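What shape does this take:
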Amino acid sequence: MNHPESAPGQGKRRRLLDRTFYVGLILKGITGVSELVAGTIFLFAGSSQIMVFVSAVTHHELSEDPQDFIARFLVSLAERLDVSATLFAAAYLLFHGIVKVVLVWAVLRNQLWAYPWLIGFLIAFIVYQIYELFISFSWGLIGLTVFDAFIVVLTWREYQLHRRTA
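Predicted structure coming up:
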């Protein structure tokens, strides 16, 4: 992802933005793979199996600290799972994961067609995440949305640079 320098001093800035873009893409790819794993688990495991797993994972932490926020949140989430919620989560995670993995892989291979698709899907996910924020506020979701917006900006920048040199 090297680009010709247009002015002295911009080389370091470009390299930093290129590295940031690359690291962001790798993080998106890793989250895509984890979403595929989680979606597969949701697809093949029933809500009762998920509850047993979450209880086993959080049991030790809750025995030491019954007020542990994360453990209690996970147990509460697992308790509310039903068949339709589990299937929705599986479908959402699998779709989201497949899109991320394919598009990140294509962009890392400098496939010019993938840049606008990645931008479009990230914007669609950002819109959905903003909708979710109005329903249920979450600092994590705000962080993810800001990160996605940052990746959109960097992807647009890289796309423009690649189009000029193509």
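
in the chain, what spans have low per-residue confidence?
Counting by pLDDT under 70, the chain contains low-confidence ranges at 1-9.

Please, where are all the helices along it?
Assignment of helices within the chain using DSSP state H yields the ranges 10-44, 47-64, 69-79, 83-108, 114-135, 139-165.

can you pull the buried residues of the fifth one?
Read it as helix 114-135. 114, 115, 117, 118, 119, 121, 122, 125, 126, 129 (16 or more other Cβ atoms under 10 Å). From N, CA and C alone the C-beta is placed, and that goes for glycine too.

so which of the helices of the chain is the most packed in?
By mean neighbour count, with neighbours taken as mean count of other Cβ atoms under 10 Å, helix 83-108 ranks first of those at a mean of 17.

Which other helices and strands does that one contact?
Secondary structure elements in contact with helix 83-108, counted by 3 or more Cβ pairs under 8 Å, 6 or more residues apart in numbering; DSSP states H and E, are helix 10-44, helix 47-64, helix 114-135.

could I have the second one exported to CSV, CA atoms only?
Coordinates of the C-alpha atoms in helix 47-64 are reproduced here as CSV (Å, rounded to 0.1, in the frame of the first residue of the first chain):
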residue,chain,number,x,y,z
SER,A,47,-30.4,-21.8,24.0
SER,A,48,-30.2,-24.3,26.9
GLN,A,49,-26.7,-25.4,25.8
ILE,A,50,-25.6,-21.8,25.6
MET,A,51,-27.0,-21.2,29.1
VAL,A,52,-25.1,-24.2,30.5
PHE,A,53,-21.9,-23.0,28.8
VAL,A,54,-22.3,-19.4,30.1
SER,A,55,-23.1,-20.7,33.6
ALA,A,56,-20.0,-22.9,33.6
VAL,A,57,-17.8,-20.0,32.3
THR,A,58,-19.1,-17.4,34.8
HIS,A,59,-19.6,-19.7,37.9
HIS,A,60,-16.1,-19.2,39.3
GLU,A,61,-16.2,-15.4,38.8
LEU,A,62,-19.7,-15.1,40.3
SER,A,63,-18.7,-17.2,43.3
GLU,A,64,-15.8,-14.8,44.0
